[in-house]
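> Coordinates only, no sequence provided:
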């Protein structure tokens, strides 16, 4: 569990949590075969919230955020994203997916396409944006993640940190209203973690609604407005970061925090 | 001057040394020989053995080529010219090359398969090379109908009306598209098939009655030689790839019926020898077809060969699909791409690239397997070599004919292999 110190001053002027509901999850349950991975999840995410989800491995945190864009199917309960309920209706699923960006642990860039093509593919084929316009948008976001000069290279030529920043830019090119991060830094070398976290902090500063599964507690303290701790498929504790780290309530949370912060 | 430094501690060089040539054993051919052929006792022994066996082979085969007789009308004449010496009698190839290439196709119409072959190269250009003009794709699209008409002849209306079936299918697809994509696809395919089965014949008969444009029809039984191998091989190759892709996707489908049909088809066709399928095509199919129908034997063989290669192709492509990390599917899904777009833009380009060696393997296998049609009486090059020997002039000639046929097949297959290597290099973007 590496911990990159967050040294920069965070600009909080645009980080505002509104009353508008972005994601509403009620009584959601999911099973893998007979294994009950997610149990009675209830959770509301308002627009502008920055939520960090943590917990031991196998606690269901990745599965939870993967349910939000239906990479995993839930079997009971209700998930409403931006007013669209996730059911087996493919139209709804495609609608939600084009509104929700996702960044993966292993980047999952398309190795047969250049960086620029990775970024323009979905806008061109899903949003029907003209190619030239899509390329301009892509270059805008590539500048934002500070790698415009790599646009014509292939993912295999980039470092892990650069690839993850491309993956973030690729998601942003769809102009999502919500971003999901599934352990975005856990496959990276320590010195590359910082560059990815910086990109994520900038995104938070612009007021993006974010759900991050991560063990970067420095990031949680600096940026999150809420930390959720999960264990055995349930939400065990949630609180604002200061309270969560300094004054954890449940024994399970205390044990977890002592394990990841105690070295 | 410079030899004084050896016994003094302080030293200043006062003359620079000129560049010297390296010892002879370290440069050029001698170095290469030392490193590659004579680097150790075992290597020296192997080199000597290798060179002596090459010399032995050349000494034995050399005279056969050197004494070769090109101008002879029969094997007997050949032997007379050779007068007891060893020597090939390539006169048979000079005498019968047109038969090896065209079979018993009427000589006055040789221009038709030749033209079809040249146009095939043009039609292939935009598919094989990214540098070719994109507009040529239109030519590639109409080429199958054009080649059919050139080879079999007859009225020009038949291939045109048959091609119109695709337009009819597309129209039906567009009309029903608002209902659902699946229904529209099924209706489109059905409309095309019904058009071919029930309307193509009558309409083209009617049109050719009203406006008879056409060239001399030539029946399948006069086809032969490499022409037949190429027609069956190229059609089989061109059709088996798309059918194989569909089968591979079907096998991975979540839909029970589609999955079962795909698995059943693949396992059945793979489990049966090609020769059995060919006999089915030539003999049994007649029992199932309505009496009086004359379903061209070469078309029947093409269908069987295509089905056979498709089953193998499906498994090769499934291997490529299995090699893709799950993350690629998830990333495509997360970006909102639907199934077909994800397949076309993300999954297939990568899976096909991984499968190139296996795909080309199947292509080469298919092309060589076309020689099996000799067993159902189609005169492919092997069949023609038998036919040529049946002539008393050339009775008893084997090596020359088989050597020539083997060489032609080798050139085709080696070409495919080289192309696949070029493609692999071109598509290499992973920088591992």
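Alright, I've got the coordinates. Worth saying up front: this structure is predicted, and the values here are computed from it rather than measured.
> from here on, contacts and neighbour counts on C-alpha atoms
OK.
> okay, and for the stretch 301-432 of chain B, where does confidence drop off?
Along the stretch 301-432 of chain B, the model assigns pLDDT under 70 to residues B:431-432.
> so what's the backbone phi/psi at residue A:51?
phi -110, psi 130 (degrees, to the nearest 10).
> Next, find the distance separating it from residue A:85.
Separation of residue A:51 from residue A:85 (CA to CA, to the nearest Å): 21 Å.
> higher neighbour count, the two?
Neighbour count, other CA atoms under 10 Å in any protein chain shown: between residue A:51 and residue A:85, residue A:51 has more, with 23 against 17.
> wait, doesn't the more buried one sit right on residue A:222?
No: Residue A:51 is beyond contact range of residue A:222, at 11.5 Å (criterion: CA atoms under 8 Å).
> What segments of chain B are strands?
With strands called from DSSP state E, chain B shows them at B:154-155, B:214-215.
> before we move on, what about the stretch 51-200 of chain A?
Remark: strands assigned in the stretch 51-200 of chain A by DSSP state E, counting those that start in this stretch are A:76-81, A:84-85, A:100-103, A:178-182.
> returning to what we had before: can you put the strands of chain B in TSV and add mean pLDDT and distance to chain A?
TSV is the format used below for the strands of chain B (pLDDT from 0 to 100; distance: least, CA to the nearest CA, whole Å):
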stretch	mean pLDDT	distance to chain A
strand B:154-155	86	43
strand B:214-215	86	45
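> Pick the most buried one from these.
strand B:154-155 (a mean of 20; mean count of other CA atoms under 10 Å in any protein chain shown).
> Packing partners of that strand?
strand B:214-215 (3 or more CA pairs under 8 Å, 6 or more residues apart in numbering or on different chains; DSSP states H and E).
> Describe which strands the strand it packs on pairs with in its sheet and in which direction.
strand B:154-155 (antiparallel) (DSSP bridges).
> quick revisit: let's have the strands of the stretch 51-200 of chain A in CSV, adding mean pLDDT.
Formatted as CSV, the strands of the stretch 51-200 of chain A follow (pLDDT from 0 to 100):
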stretch, mean pLDDT
strand A:76-81, 93
strand A:84-85, 90
strand A:100-103, 95
strand A:178-182, 95
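> so which of those comes closest to residue A:30?
For residue A:30, the closest of those is strand A:76-81, at 6.7 Å, according to CA to CA.
> how big is the angle separating that closest one from strand A:178-182?
120 degrees (axes from the mean of the first three to the mean of the last three CA atoms, to 10 degrees).
> how near is residue B:78 to residue A:92?
80 Å.
> the more surrounded of these two?
Neighbour count, other CA under 10 Å: between residue B:78 and residue A:92, residue B:78 has more, with 22 against 15.
> How much space separates residue B:315 from residue A:221?
51 Å.
> buried sites along stretch B:89-109?
Buried residues in stretch B:89-109, counted by 16 or more other CA atoms under 10 Å in any protein chain shown: B:89-93, B:96, B:98-105, B:109.
> for stretch B:216-230, same thing?
By neighbour count with 16+ other CA under 10 Å, stretch B:216-230 contains the buried residues B:218, B:220, B:223-230.
> Same list (the residues you listed) but as CSV, adding pLDDT.
As requested, the buried residues of stretch B:216-230 are arranged in CSV below (pLDDT from 0 to 100):
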residue, pLDDT
B:218, 90
B:220, 87
B:223, 91
B:224, 89
B:225, 91
B:226, 93
B:227, 93
B:228, 93
B:229, 94
B:230, 94
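> could I get those as TSV with distance to residue A:115?
Formatted as TSV, the buried residues of stretch B:216-230 follow (distance: CA to CA, whole Å):
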residue	distance to residue A:115
B:218	55
B:220	53
B:223	52
B:224	52
B:225	50
B:226	47
B:227	46
B:228	47
B:229	44
B:230	42
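> tell me which of those is nearest to chain A?
residue B:230 (33.1 Å; CA to the nearest CA).
> Is there a neighbour count for the nearest residue to the closest one once chain neighbours are set aside? I'd like the number.
Spatial nearest neighbour of residue B:230, excluding adjacent residues (CA to CA, 6 or more residues apart in numbering or on different chains): residue B:367 at 7.9 Å. Counted with other CA under 10 Å, the neighbours of residue B:367 add up to 23.
> can I assume residue B:367 is in contact with residue B:226?
No: counting by CA under 8 Å, residue B:226 is not a contact partner of residue B:367; they are 10.8 Å apart.
> How about the one residue in the stretch 101-250 of chain A that gets nearest to chain B: what's its closest non-neighbour residue?
Residue nearest to chain B within the stretch 101-250 of chain A (CA to the nearest CA): residue A:156, separated by 5.0 Å. Sequence neighbours aside, residue B:430 is the residue nearest to residue A:156 in space, at 5.0 Å (criterion: CA to CA, 6+ apart).
> outside of the longest helix along chain A, which residues touch it?
Across chain A, the helix with the greatest residue count (assigned by DSSP state H) is helix A:190-205. Here helix A:190-205 makes contact (CA atoms under 8 Å, 6 or more residues apart in numbering or on different chains) with A:2, A:4, A:10-15, A:50, A:145, A:160-161, A:164-165, A:184-185, A:210, A:219, A:223.
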